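Here is my input, please return the structure:
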Amino acid sequence: MKLISEIRKRNLLRAAVAYAVVSWLLMQIADVLLDAFDAPGWIFRTFIILLATGFPVALILAWFFELTTAGLVRNEDLPENYVRDDDFKRFLNPVIIAMLSAAVLLFALDKFYWTGSPGIEDPDAGNTRAEAGNSLAVLPFANRSSQADDAYFVEGIHDDLLTMLARIDSFNVVSRTSVMRYRASDKSIPEIGRELHVDYVLEGGVQRAGAHVRVNAQLIEAEHDQHAWAETFDRELSTENLFAIQSEIARAIATATSAELSPKDERRLDAVPTADLAAYEAYLRGRQGLWQRTVAAYEEALVQFQTAISLDQNFAGAYAGLCETHLSLYLQNSDARHFTEAESACEQALVLDADRAEVRVALGALYRNFGDYERAEQESRKALEIEPRNVEAMRELGQALGLQGQIHEAEAILLEAELLQPDNWLVHDALFTFYREFDDQPDRYEQVVQQAMKVVELTPENAAAWNNLGTAYYTIQQYDAAGAAWDRALELKPTRTGYTNRGLLYYYNGQFSESAEMQKKAIELAPDDHRAWGRLAESYRWMETGAEIVGETYLTAARLAEAKLELNSRDWVTRGLLALYYVRIDRDTEAVAMIDTALLDSGRDPETLLCAALIWQELGDEEAVLTALEEMMERDATYNIYIAEEPDLKVLRGNPRFDRLMEQ
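Numbers count the residues shown, from 1 in each chain. All right, here's what the predicted structure looks like:
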């Protein structure tokens, strides 16, 4: 009873009610304003967390302080005969009631009056988000030409139309990666609509005959399988006519769905990227090469984009394609020349057309791999300013934020991309990378496996997807499943990553000859990749090979790692491995300096701590080895797989500290 009396005396209940009312009012205001400006969801969530954190602080203040007409006064400083001013209380009560009424009114306006409004609009940019009922899937177009070789042309028209529609703010368009699985599907339109969660489905076909082209398209209301619009376009074959057809289709869809086109949308629909038909056809062939995602296809794409540029030196789209292709090749084979060419092509595309979102996205990816994470973020944000619902830009922004340690913001933007396009495998691939490399939550590896499996489900013939699934299984110590996934990846497409991963499994199984063979195959595909050379050297150390060949292999790995660091000095993974290469070739001083920098740059990441432990082991400092391993395990207990299987660490078995680590 004394406690209750004290609570009443100190007005704790009144303070709690006042704080709750003010917080609710602030949340209603924040909800409306943040929604109007299309702010990321994490801002509102952070705001709520701050308000919740402030609640106990307010109660503590109310316990120790009294609100009087003279302001806040400590309870201990009040006179013993102090009588609380009833007039002041009567003044506070109406204030609290007024704030509560304002919150209720704002809530009612938001839910019942403002709901039907499109929100704050930019007169030049259109609505900030698509209206309900305007979600759309553009199915792959049928090739109605007599020549099978015209497939690239049909796919290009489909992709250009899909891209054009996706840029219109009033539409919510499903990604190309999501619709391509319906190329030869016998599923009904209602089934496709339900699977893709769309209101409308656009299907059509393209027939090319000599100097003429025929495009037919029909818009179908998905739920009831009813035609909303259909038309056939017969035109003379020219780029002007092709883009005019696409623009007419877009405007017809807008009319059929009662969507509004902003002045910015209209300008985009009227744009003709190139007047040269041959340049446009070369561009379409280049895009087709990019979609195939193989080194041979990328090299053919380079030829096509360069041909397009030679025919029309003002074709910004061709420069954008050239940039993306060079970057893709760099990521495949680590050849620095492709990196330089990618940057040059992207910059030229921006000079010609600064409002191309895909160029900004490509630049974001370029600078992310270059180690300029801040500029990568800037370019991705610029892409989103141009196209606020560009999922590729969201993916790139999420990765750039993750690399800067902005974990919660990175996850929020990637989850927003997933919400917009739940069947976009590239989004799930980015989430796989995020949870594996950046996330700090206990369930991160469950998420890693889940995202990897989702990518495989969406793209079962994608070798990279199986590679990542193998990595996910390996992380949770399901070695047989990892090996099976990596084998499947190599069956689908031999890659440097596939061979290196399979060799890694052989290495930790003590099958060093088999591991070496895998790394040699990886080197055949990517001769400039230091990781394959480093793994080959590690395998050689445990085989009956001469010290000379081991040293030469490590020297090659070190030279290639140094070249990579010249491009990206913030690549702490490469820096940690380079330190390991140095210590293997007796460059101990350089190794110690390099690993110290890697530990600093990575924030003492477990992967770098493992490299540090192996370096100290080579230098004979057992105490430093155990300390590094203990810190590694404290940061991420899943790294015990390396403690148990790493050949260099087996000599520590029997040491109580090491054995305790193995038991974790």
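
what's downstream of the worst-scoring helix or strand of the chain on mean pLDDT, the next helix or strand?
Across the helices and strands of the chain, mean pLDDT, DSSP states H and E gives its lowest value to helix 86-108, namely a mean of 57. With elements assigned by DSSP states H and E, the helix or strand that comes after helix 86-108 is strand 135-138.

Now do the next helix-or-strand element following that next one, average pLDDT.
Next helix or strand after strand 135-138 toward the C-terminus (DSSP H and E): strand 142-143. The pLDDT scores in strand 142-143 average 89.

same question, stretch 529-548
Rounded mean pLDDT across stretch 529-548 is 92.

neighbouring contacts of that stretch?
For stretch 529-548, the surrounding residues in contact (Cβ atoms under 8 Å, 6 or more residues apart in numbering) are 333-334, 496, 499-500, 503-504, 507, 510, 512-513, 515-516, 519-520, 522-523, 526, 549-550, 553-554, 556-561, 564, 574, 577-578, 580-581, 584, 647. C-beta here means a position set from N, CA and C on the backbone, and glycine is covered the same way.

In ChimeraX, how would I select the buried members of these?
Those of these that count as buried under 16 or more other Cβ atoms under 10 Å are selected in ChimeraX with:
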select :333,334,496,499,500,503,504,507,512,515,516,519,522,523,526,550,553,554,556,557,558,560,561,564,574,577,578,580,581,584
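
In helices, which of the contacts of stretch 529-548 fall?
333, 496, 499-500, 503-504, 507, 512-513, 515-516, 519-520, 522-523, 549-550, 553-554, 556-561, 564, 574, 577-578, 580-581, 584 (DSSP state H).

the helices in the stretch 351-500 of the chain, which residues?
For the stretch 351-500 of the chain, the helices defined by DSSP state H, counting those that start in this stretch occupy 357-370, 373-386, 391-403, 407-420, 425-437, 444-458, 463-475, 479-492, 496-508.

how about those helices in a markdown table, adding distance to residue 240?
Converted to a markdown table, the helices of the stretch 351-500 of the chain look like this (distance: least, Cβ to Cβ, whole Å):
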| stretch | distance to residue 240 |
| --- | --- |
| helix 357-370 | 22 |
| helix 373-386 | 24 |
| helix 391-403 | 28 |
| helix 407-420 | 32 |
| helix 425-437 | 32 |
| helix 444-458 | 37 |
| helix 463-475 | 39 |
| helix 479-492 | 41 |
| helix 496-508 | 44 |
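
ok, residue 607 touching residue 573?
Yes - counting by Cβ atoms under 8 Å, residue 607 touches residue 573, with 6.6 Å between them.

now residue 228, what's its secondary structure?
Following DSSP: H, G, I helix; E, B strand; the rest coil, the label given to residue 228 is strand.

what residues are up against it?
Per Cβ under 8 Å, 6+ apart, neighbours of residue 228: 200, 219, 220, 221, 256, 257.

Relative to residue 423, how far out is the fourth one?
It refers to residue 221. Distance of residue 221 to residue 423, computed by Cβ to Cβ, to the nearest Å: 20 Å.

how's the protein carved up into domains?
For the chain, automatic domain parsing gives the domain ranges 2-113, 135-257, 571-663.

quick one: average pLDDT of the last one?
In other words, domain 571-663. 92.

quick thing: my sequence starts at 52, can you match it?
Understood, numbering begins at 52; the last thing we discussed is domain 622-714.

Straight-line length of that domain, end to end?
Domain 622-714 has its terminal residues 32 Å apart, counting by Cα to Cα, to the nearest Å.

wait, what's in contact with residue 253?
By Cβ under 8 Å, 6+ apart, the contact list for residue 253 reads 187, 188, 189, 190, 268, 269, 270, 271, 300, 304.

which intervals of this protein have sub-threshold pLDDT?
Flagging of the chain using pLDDT under 70 yields the residue ranges 52-66, 68-69, 72, 75-76, 79-98, 102, 109-110, 112-184.

In it, which residue is most central in space?
residue 446 (2.9 Å; Cα atoms, centre = their mean).

Which residue is the nearest non-sequential neighbour of that residue?
Leaving out its chain neighbours, the residue that sits closest to residue 446 by Cβ to Cβ, 6 or more residues apart in numbering is residue 481, at 4.5 Å.

Check whether the one you found really touches residue 449, as I assumed.
Yes - using Cβ under 8 Å, residue 481 makes contact with residue 449 at a distance of 6.0 Å.

Overlap of the contact sets of the two?
The contact lists of residue 481 and residue 449 share 465, 468, where a contact means Cβ under 8 Å, 6+ apart.

quick one on the thing from earlier: which stretch among the helices of the stretch 402-551 of the chain comes nearest residue 354?
In terms of Cβ to Cβ, the element of those nearest to residue 354 is helix 408-421, at 18.8 Å.

Other residues contacting the closest one?
Residues contacting helix 408-421 (Cβ under 8 Å, 6+ apart): 218, 367, 370-371, 374-375, 378, 381-382, 390, 393-394, 397, 400-401, 404, 424, 426-428, 430-431, 433-435, 437-438, 441, 443-444, 447-448, 450-451, 454, 618-619.

List the buried residues in it.
Counting neighbours by 16+ other Cβ under 10 Å, helix 408-421 gives 408-421 as buried.

swap in stretch 469-482?
Buried residues in stretch 469-482, defined by neighbour count with 16+ other Cβ under 10 Å: 469, 471-482.

circling back: the residue nearest to residue 446: what's it in contact with?
Taking Cβ under 8 Å, 6+ apart, we find residue 481 in contact with 446, 449, 450, 465, 468.

The fourth one touches residue 483, doesn't it?
No - the criterion here is Cβ under 8 Å, and residue 465 misses it with residue 483 at 10.2 Å.
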